[in-house]
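Visitor: No sequence on hand, only this structure:
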Ligand SMILES: Cc1cc2nc3c(=O)[nH]c(=O)nc-3n(C[C@H](O)[C@H](O)[C@H](O)COP(=O)(O)OP(=O)(O)OC[C@H]3O[C@@H](n4cnc5c(N)ncnc54)[C@H](O)[C@@H]3O)c2cc1C
């Protein structure tokens with residue numbers, strides 16, 4: 001079966017095996033010499049692609065939920081949407097969420113995902129209390145921040161390369177309502193938006209949409225967004241006050257499967273960025289349901305189709321806080337003059353990293369750019385890699401489809417330790433992906 005992840009690049013002809021029980025998974029381990037786990041395929045590139053894939057999607061039961069303490073235990077194929085459907089009506093929310101709820105618990109841990117609150121609340125694995133992992137020989141090992149800590153810090157962010165996560169217990173976050181108090185502020189350029197991030201470093205959620213095509217003085221103009229979970233008193237007098245924890249039903253728009261790729265070009269991207277910036281008022285506050293605030297793109301089914309059949313890639317880098325400003329300036333400079341056009345660009349602030357061997361976040365700024373695949377894109381991205389490396393940064397493995405092994409080894413300080421541990425725990429090199437082959441992990 002031909003299969004690709006969210007960026008639709010690359011594609012591979014793979015054998016996909018599902019499992020409902022631990023016994024079924026063990027059988028797959030015996031039948032296939034090499035394999036990789038796959039959840040909802042929301043990584044952008046090739047992290048969960050290999051000739052044999054074990055799909056976790058049928059292994060998706062919520063095993064326990066303590067609604068008093070906000071602690072949940074789920075099988076790894078449970079999606080974050082399924083978690084929210086149960087947790088929100090009881091007054092609990094995900095401690096950390098990526099920009100889509102269509103990811104599995106296993107995928108969230110394997111990529112150690114971050115959200116708009118990393119500067120305050122860390123990455124997903126920081127809220128995982130324990131988990132069970134099946135190693136290459138079928139042995140099941142429990143690990144946590146205290147027990148088998150070495151394994152835990154390698155599996156969180158380890159991109160499925162040490163074993164298959166079977167289940168995890170994690171802590172949720174107390175909420176009074178399903179709504180977010182959202183504030184939007186327009187920033188004229190990169191300096192201004194970075195000042196806003198620093199000024200509002202105490203806000204729970206912050207993110208900026210950034211116009212990378214605008215040139216000269218307008219370079220980096222942004223729409224900066226802040227959010228806090230709304231309290232009951234914040235909703236008083238509004239239509240949401242009566243049922244504050246109700247999940248609102250959302251209409252979903254679908255992009256047709258044959259969306260023509262020529263619709264996306266420098267002119268349409270420029271027009272989109274112009275309109276988005278102009279529409280944002282100088283400053284505005286609003287109440288938004290959590291779907292609108294956290295998952296705006298989930299409202300458009302198959303939005304990845306707008307990039308056409310060749311697909312797209314997301315270039316997400318992070319650079320340390322003290323070099324970020326210079327580094328981002330250099331990146332924006334090349335991007336605004338270069339031939340490759342990012343359609344969407346998002347900037348976030350990260351707090352300190354958590355020490356997991358391959359976790360992406362480090363204290364600093366992360367920029368994510370969506371580029372349609374063109375014949376010249378990858379050599380252009382190689383030039384961005386040089387800047388990221390010069391400024392001490394790295395790229396996010398969950399978004400990557402093309403970085404070189406050298407870039408990986410030079411930018412991930414714990415790459416060698418991870419590879420050593422993989423040799424020890426997975427001597428037969430059972431867990432492999434197109435990405436691990438490319439990066440020589
Ligand atoms: C619209 C959109 C927005 C996003 N926003 C963010 C964001 O804000 N922050 C962020 O951090 N990420 C973000 N992502 C990326 C996404 O959160 C990660 O790629 C996540 O890992 C996808 O989970 P998945 O279930 O789809 O896993 P897959 O994409 O199927 O797999 C991802 C990795 O996890 C491994 N894996 C999956 N299940 C298991 C398991 N049970 N055991 C071991 N390994 C496993 C795979 O082998 C692979 O290496 C976004 C993605 C999209 C499409």
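Guide: Great, that's in hand. These figures come from a predicted structure and were not determined experimentally. Numbers count the residues shown, from 1 in each chain.
Visitor: tell me the contacts of whichever residue of the stretch 301-441 of the chain sits closest to the ligand?
Guide: In the stretch 301-441 of the chain, the residue that lies nearest the ligand is residue 398 (3.6 Å; Cβ to the nearest ligand atom). (Each C-beta comes from the backbone N, C-alpha and C, glycine too.) By Cβ atoms under 8 Å, 6 or more residues apart in numbering, residue 398 lies in contact with 43, 44, 47, 111, 113, 159, 360.
Visitor: who touches the first one in this structure?
Guide: What it means is residue 43. 5, 6, 107, 111, 398, 399.
Visitor: go on, the last one?
Guide: With contacts defined as Cβ under 8 Å, 6+ apart, the neighbours of residue 360 are 111, 112, 114, 157, 316, 318, 366, 394, 395, 396, 397, 398.
Visitor: Dump those into CSV; add pLDDT and secondary structure as well.
Guide: Shown next, in CSV, are the contacts of residue 360 (pLDDT from 0 to 100; DSSP: H, G, I helix; E, B strand; the rest coil):
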residue, pLDDT, secondary structure
111, 98, coil
112, 98, coil
114, 98, coil
157, 98, coil
316, 98, strand
318, 98, strand
366, 98, strand
394, 98, strand
395, 98, strand
396, 98, coil
397, 98, coil
398, 98, coil
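Visitor: which ones are touching the closest residue to residue 67 other than its chain neighbours?
Guide: The spatially closest residue to residue 67, leaving aside those adjacent along the chain, is residue 90, at 4.4 Å (Cβ to Cβ, 6 or more residues apart in numbering). If you count contacts by Cβ under 8 Å, 6+ apart, residue 90 has them with 65, 67, 245.
Visitor: Pull the residues that contact the lengthiest helix in the chain.
Guide: The helix that spans the most residues within the chain, counting by DSSP state H, is helix 321-337. The contact list for helix 321-337 (Cβ under 8 Å, 6+ apart) reads 190-191, 194, 212-215, 219-220, 317, 319, 342, 347, 363-365, 367, 369, 383-384, 387-388, 390-393.
Visitor: How far away from the center of its chain is that helix?
Guide: 22 Å (Cα atoms, centre = their mean, to the nearest Å).
Visitor: Show me what from the protein comes close to the ligand.
Guide: With Cβ under 6 Å from any ligand atom as the criterion, the chain comes near the ligand at residues 5-6, 36-43, 47-48, 56, 76, 98-100, 103-104, 106-108, 110-111, 113-115, 159-160, 164-165, 297, 398.
Visitor: Please narrow those to those residing in strands.
Guide: 36, 37, 38, 164, 165 (DSSP state E).
Visitor: and of those, the nearest to residue 306?
Guide: residue 38 (23.6 Å; Cβ to Cβ).
Visitor: any chance you could map the strands in the stretch 1-150 of the chain?
Guide: 2-4, 11-13, 15-18, 36-38, 52-55, 62-66, 71-75, 92-93, 128-134, 140-143 (DSSP state E, counting those that start in this stretch).
Visitor: Sheet-wise, list the partners of the second one with their directions.
Guide: I take that to be strand 11-13. strand 2-4 (antiparallel) (DSSP bridges).
Visitor: pLDDT averaged over the strand it pairs with, what's the number?
Guide: Strand 2-4 carries an average pLDDT of 95.
Visitor: Can you say which of the strands of the stretch 1-150 of the chain is packed in most?
Guide: strand 36-38 (a mean of 27; mean count of other Cβ atoms under 10 Å).
Visitor: Summarise which helices and strands that one is packed against.
Guide: Using 3 or more Cβ pairs under 8 Å, 6 or more residues apart in numbering; DSSP states H and E, the elements in contact with strand 36-38 are strand 52-55.
Visitor: State the mean pLDDT of the strand it packs on.
Guide: 98.
Visitor: Now do it: which elements does it pack against?
Guide: When contacts are defined as 3+ Cβ pairs under 8 Å, 6+ apart, strand 52-55 sits against strand 15-18, helix 22-31, strand 36-38.
Visitor: Swap in 6 Å and give it another go.
Guide: Under the contact definition 3 or more Cβ pairs under 6 Å, 6 or more residues apart in numbering; DSSP states H and E, strand 52-55 sits against strand 15-18, strand 36-38.
Visitor: need those in a markdown table with mean pLDDT, can you?
Guide: Shown next, in a markdown table, are the helices and strands packed on strand 52-55 (pLDDT from 0 to 100):
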| stretch | mean pLDDT |
| --- | --- |
| strand 15-18 | 97 |
| strand 36-38 | 98 |
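Visitor: Using TSV, lay out those strands together with distance to residue 415.
Guide: Formatted as TSV, the helices and strands packed on strand 52-55 follow (distance: least, Cβ to Cβ, whole Å):
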stretch	distance to residue 415
strand 15-18	29
strand 36-38	19
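Visitor: Now do stretch 76-95: distance to the chain's middle.
Guide: The answer for stretch 76-95 is 17 Å, by Cα atoms, centre = their mean.
Visitor: Stretch 186-206 too?
Guide: Centroid separation for stretch 186-206 versus its chain: 21 Å, with Cα atoms, centre = their mean.
Visitor: Quick check: PyMOL command selecting the buried ones in the contacts of residue 398.
Guide: Listed next is the PyMOL selection for buried residues among these, using 16 or more other Cβ atoms under 10 Å:
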select buried, resi 43+44+47+111+113+159+360
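Visitor: which one among the contacts of residue 398 gets closest to residue 11?
Guide: After measuring these against residue 11 - Cβ to Cβ - the closest member comes out as residue 44, at 13.1 Å.
Visitor: roughly how far apart are residue 72 and the ligand?
Guide: Look at residue 72 and the ligand: by Cβ to the nearest ligand atom, to the nearest Å, they are 16 Å apart.
Visitor: And the pLDDT for that residue?
Guide: So residue 72 comes in at 98 (pLDDT).
Visitor: Let me see the contact set for it.
Guide: residue 65 (Cβ atoms under 6 Å, 6 or more residues apart in numbering).
Visitor: rerun at 10 Å
Guide: Applying Cβ atoms under 10 Å, 6 or more residues apart in numbering, we find residue 72 in contact with 62-66, 78, 83, 86-87, 92, 94, 105, 129, 168-172.
Visitor: Sweet, I'm off.
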